[in-house]
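Asker: quick one: sequence and predicted model below, then my questions.
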Amino acid sequence: MSQNHKAGSNSNNNQQPPTKAPRAGNNNAQRSNQQPQQPQQPQQRTNGPFSASDLNRIVLEYLNKKGYHRTEAMLRAESGRTLTPQDKQSPANTQTGKLPEPSTMAITADKGAKPVSNPHLPLKRNNEGGVVSNEELNSVTSPESYIRAYSMLKSWVDSSLEIYRPELHYILYPIFIYLFLNLVIKDPVVARRFFDKFSSDFRILHGTEINRLFSVNSVDHIKENEVASAFQSNRYRITISRTTLNLLLYFLNENESVGGSLIIGIINQHLDPNVMDVVLEKEKLADGIKLLSDGNAGKINSELNSAEVKLGPFPKDEEFVKEIETELKIKDDQERQQQQQNGTTTDASKRTLMQEYKAMNNEPYETPVPTDDSNKENNEQDKENTTDKAQTEQDATTPAPTSTLEPPANTTVTVKTEEKSTTSSKPVIAGENLEAPSKDILPLPPKTALDLKLEIQKVKESRDSIKLDNLQAALPSVCMYTFHNTNGGMTSLQFSEDSRLVAAGFQDSYIKLWSLDGSSLKQIQEKSADSINTGDMNDNTSTTLIGHSGAVYSTSFSPDNRYLLSGSEDKTVRLWSTDTYTSLVSYKGHNHPVWDVQFSPLGHYFATASHDQTARLWSCDHIYPLRIFAGHLSDVDCVSFHPNGCYVFTGSSDKTCRMWDISTGDSVRLFLGHTAPVLCTAVSPDGRWLATGSEDGIINLWDIGTAKRLKVMRGHGKNAIHSLSYCKEGNVLVSGGADHSVRVWDLKKSTAEPGPEPEEQFVGYIGNLTASINQDIKDFGRRRTIIPSNDLVASFYTKKTPIFNVKFTRNNIVLAGGAFRE
């Protein structure tokens, strides 16, 4: 009744002009206003001195203080819907002139209010608790903000203390990659500008990945690009100290509103920090793209690398071993008789051939037990030998010690030999517990007289070899062969096992052989056992082998030096005789060019690597492959054998290395860690360690049993590594690369098996590194220069000759060769 009366009075007020008549209407309105005010008085008394608007304001302040922002926003929206807006007056208030309390939220129109179920909520708040507006929020997540955020971080890292700067620079690379990929999704144009501006900072250490990411310009490119998809779908593991990480996060939180939040999001979503109190170099070996723990790929790799492998030496034929020992005893007796006739004494540091053969096979050898008197005379004889050789010869001719001269000499040699063997053969003895493969796994042809002669020659050369078990005392000597007038056509180079021949492949489809000792090839043919005379040959030191119809990319000599293998662009492999210098067999099976070919250390078998993404195992008496090793995702660039001949190692352009079991054809090890194609591989003589060289100048050392990386060696800058070779003891590695240098590395340094001498005795490391750095800067500039690792022992530079091949001979002398770059 009162509401209808209010409506009627309002309509009368709107229609009639201001005359006397409205006064009565105003009186009626006053009466009507007084009637509803009576029930409101008790309500005001219950609320006390606070009005409804005050209560709303108090509640809103309480919610804001406690952080209940969603409830606060809903209350604001609800109160704005129910309370009278500020620009409107309440009905029937013209008589009193009183207006209702203003609303706590301004709304211009009722119909513009948003539904309560979907209120407008602030997405972000700054570190002071203030609400970040939409404009500010859009500016923080805009494409331009990515460039601003990374520039801010890079400037801070560059200005940091030197003690923290290396670790902070280390974390910049994954942050740059993930910011770039996010920008590609957001704005490809800005992403390209971001990439061009900052990518040059990482081309030295990550040039291959940067080049692969250069073509990424859209979301589809991210899915198709191998590197981009790997980063996008996996976390990047990075080892960092706790102090450095806290320093980084504190800086990003301080600058959250100007880009720090973007970097924090990248770290949280894409990085896997391995936080340590003190960062060790070996802890960084596992850094990089990390597969998700629940992914199938991780499980497959774990199962693959846990397969059983037998890395011991291949069992020898017992009858053949007896023949070798018999022949060696005869040789030792002949040497002893010759020494007695000449009146000379045996060198105290020189083993007999029989002792050397036992030491080569890690077998104990029998020695005569000396008496006390002979021991005394041995000591006296040792003193005299070290002071005056002439006096020793005079004592040897006196009658008294004549009867005991030979036993003391042998005894002296034995005592010193045992001590020397214990020291120098530690790397080999460490592999004594390795399980040897079964003899029946690998069928081999019967041994011949040529094999017996070859084994005896190996024992002689091993005894006369330079000892490199102590790098502090001696460094290997390098004999460099430079080939001129090749016109850029030489593609491969290989030295024979006896170091008497060298074979080079050329783009013009031919192979050229040279004699290294200066003798003519006709004389070499006459000296070879079971040689075949097929006609007159020119008395010169080189010859040409013609038969391929494409470039020859690789050559390999057999262990007995009677045969030569060659792989070519014409998809074939040819077997050549070094007796007749003719082609014997052509092996066909690959569908694309053959990049590499390698003879087995046991002979008879050989392996090939091809552009068709496979490696294959062959035998000389079959024209078809015996095994096909398939599993790589790109070209197989190199292949090598394990010393026991039962496993094959392949390096590929997919940046992985695999180990294959010859008996089954399965992959039993997968080595992940390179960031560029693997161009060369080499296995240590004891069969435990694998060295791999890549296109970006990195050498990785792996433990074959666990497939874990032991260390990373840097020294060739960003230039490709073409060849690797181990010394006889297995503790020294030489490498040749495109930077015109041969490098010598100490493999035991920074590993669990240090050398026999304290590492502090390595003198000249700083000098060697400085000389290496200065030479690299001179040849390639500062932008392509990388500080070598501390296991670089020596560097041998050429003028303008890239190193095609390096090889340790049986005498522990390094042969190196390459074509002069004109």
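Answerer: Sure, I can see it. Numbers count the residues shown, from 1 in each chain.
Asker: residue ranges in this protein under the pLDDT threshold?
Answerer: Across the chain, residues meeting the criterion (pLDDT under 70) sit at 1-49, 80-141, 290-302, 345-349, 364-433, 471-473, 522-539, 753-772, 776, 779-785.
Asker: Trp582 is in contact with Trp576, isn't it?
Answerer: Small correction: residue 582 is Thr, not Trp. Yes. Contact criterion Cβ atoms under 8 Å: Thr582 and Trp576 qualify, at 6.9 Å. From N, CA and C alone the C-beta is placed, and that goes for glycine too.
Asker: shared neighbours of those two, anything?
Answerer: Common contact partners of Thr582 and Trp576 (Cβ atoms under 8 Å, 6 or more residues apart in numbering): Leu545.
Asker: which of the two has more neighbours?
Answerer: Per other Cβ atoms under 10 Å, whichever of Thr582 and Trp576 has more neighbours is Trp576, with 23 against 12.
Asker: so where do the strands sit in the stretch 201-350 of the chain?
Answerer: 235-241, 271-276, 288-290 (DSSP state E, counting those that start in this stretch).
Asker: quick one, which of the ones you listed is packed in tightest?
Answerer: Highest mean neighbour count among the strands of the stretch 201-350 of the chain (mean count of other Cβ atoms under 10 Å): strand 235-241, with a mean of 20.
Asker: angle of that strand against strand 271-276?
Answerer: 30 degrees (axes from the mean of the first three to the mean of the last three Cα atoms, to 10 degrees).
Asker: sheet-wise, list the partners of strand 235-241 with their directions.
Answerer: strand 271-276 (parallel), strand 288-290 (antiparallel) (DSSP bridges).
Asker: TSV for those strands, including distance to Ser610?
Answerer: Converted to TSV, the strands paired with strand 235-241 look like this (distance: least, Cβ to Cβ, whole Å):
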stretch	distance to Ser610
strand 271-276	37
strand 288-290	28
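Asker: which residues does Asp498 contact?
Answerer: Going by Cβ under 8 Å, 6+ apart, the list of residues near Asp498 reads Gln457, Asn561.
Asker: if we go to 6 Å?
Answerer: Asn561 (Cβ atoms under 6 Å, 6 or more residues apart in numbering).
Asker: for it, helix, strand, or coil?
Answerer: coil (DSSP: H, G, I helix; E, B strand; the rest coil).
Asker: tell me how far it lies from Arg562.
Answerer: 11 Å (Cβ to Cβ, to the nearest Å).
Asker: and what of Asn362?
Answerer: Taken as Cβ to Cβ, the span from Asn362 to Arg562 is 29 Å.
Asker: Phe195 contacts Leu179, correct?
Answerer: No. Taking contacts as Cβ atoms under 6 Å, Phe195 lies outside contact range of Leu179: 9.7 Å.
Asker: give me the common contacts of the two.
Answerer: Listed as contacting both Phe195 and Leu179 by Cβ under 6 Å, 6+ apart is no residue at all.
Asker: can you tell me the SS state at Lys800?
Answerer: Lys800 ends up coil, using three-state DSSP.
Asker: so what's it up against?
Answerer: Arg821.
Asker: start at 34, not 1
Answerer: With 34 as the first residue, the last one maps to Lys833.
Asker: domains in this protein, as residue ranges please.
Answerer: According to the TED database, the chain comprises the domains 176-326, 510-554+572-782+799-852.
Asker: tell me which of those domains sits nearest to Thr385.
Answerer: Closest approach to Thr385 among those is made by domain 510-554+572-782+799-852 (17.7 Å; Cβ to Cβ).
Asker: need the distance between the two termini of the closest one.
Answerer: 20 Å (Cα to Cα, to the nearest Å).
Asker: nearest to Ile208, of the strands paired with strand 268-274?
Answerer: strand 304-309 (7.9 Å).
Asker: what number of residues lie near Glu341?
Answerer: For Glu341, using other Cβ under 10 Å, the count is 8.
Asker: now do the contacts for it.
Answerer: So Glu341 contacts nothing (Cβ under 6 Å, 6+ apart).
Asker: still on that earlier bit, deepest of the domains of the chain, which one?
Answerer: domain 510-554+572-782+799-852 (a mean of 20).
Asker: so the closest residue to Val291 other than its chain neighbours is in which element?
Answerer: The shortest distance from Val291 to any non-neighbouring residue, by Cβ to Cβ, 6 or more residues apart in numbering, is to Met185 (6.6 Å). If you go by DSSP states H and E, Met185 is part of helix 176-191.
Asker: what angle sits between the following helix or strand past that helix and strand 268-274?
Answerer: Next in sequence after helix 176-191, counting helices and strands by DSSP H and E, comes helix 198-219. Angle of helix 198-219 versus strand 268-274, following the same axes, to 10 degrees, is 160 degrees.
Asker: and helix 198-219, what does it pack against?
Answerer: helix 176-191, helix 221-231, strand 268-274, helix 293-303 (3 or more Cβ pairs under 6 Å, 6 or more residues apart in numbering; DSSP states H and E).
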